[in-house]
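Asks: my questions are about this predicted structure, shown below with the sequence.
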Amino acid sequence: MENRSVSEIDGFISMLRAACEDKYMNDTLERLLSQPDKKRKQIVLKLVEDLSHKQAPSTLIEAISCLVDDEIAEKAYEVIYQCSR
């Protein structure tokens with residue numbers, strides 16, 4: 001990922017919005033983000049690898065890649081937790 005703020009990554013913002021609008025996606029992201037950091041990173045890296053092999057849209061891959069970062073993952077968890085209440 002380039003040196004951009006996560007707020008500049010449209011796919012990431014869209015992913016969080018979708019998680020606020022869709023209970024299944026919210027639950028899925030919450031399960032991922034509630035994992036211990038090391039496990040979350042392993043899952044995200046594997047998911048990114050799988051999505052790359054399946055030629056998923058680059059915006060999706062880039063958005064999910066952001067969740068490797070501990071601080072970003074923590075903030076994302078806060079956002080989806082608040083929108084599910």
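Replies: Yep, that arrived. Numbers count the residues shown, from 1 in each chain.
Asks: check which helices and strands the lengthiest helix in the chain is in contact with.
Replies: Looking across the chain with DSSP state H, the single longest helix is helix 37-53. Helix 37-53 sits against helix 23-33, helix 58-65, helix 70-83, with contacts defined as 3 or more Cβ pairs under 8 Å, 6 or more residues apart in numbering; DSSP states H and E. All C-beta atoms are positioned from the backbone trio N, CA, C, and that covers glycine.
Asks: neighbours around the nearest residue to S52 once chain neighbours are set aside, how many?
Replies: The shortest distance from S52 to any non-neighbouring residue, by Cβ to Cβ, 6 or more residues apart in numbering, is to I61 (6.1 Å). I61 has 18 neighbours, counted by other Cβ atoms under 10 Å.
Asks: thought I13 was touching A19?
Replies: No. With the criterion set as Cβ atoms under 8 Å, I13 and A19 do not qualify as a contacting pair; they are 10.8 Å apart.
Asks: separation between the nearest residue to K41 once chain neighbours are set aside and C83?
Replies: Ranked by Cβ to Cβ, 6+ apart and with sequence neighbours excluded, the top spatial neighbour of K41 is V68, at 5.3 Å. Distance of V68 to C83, computed by Cβ to Cβ, to the nearest Å: 22 Å.
Asks: and what of Q55?
Replies: Using Cβ to Cβ, we find Q55 at a distance of 30 Å from C83.
Asks: again, but for L29
Replies: Using Cβ to Cβ, L29 is found at 11 Å from C83.
Asks: need the residues touching each of the two.
Replies: The overlap between the contact sets of L29 and C83 (Cβ atoms under 8 Å, 6 or more residues apart in numbering) consists of A19.
Asks: neighbour count winner among the two?
Replies: With other Cβ under 10 Å as the criterion, L29 and C83 differ in neighbour count, and L29 comes out ahead with 25 against 13.
Asks: show me which positions of stretch 12-25 end up buried.
Replies: Of the residues in stretch 12-25, those with enough neighbours to count as buried (16 or more other Cβ atoms under 10 Å) are F12, M15, L16, A19, C20, M25.
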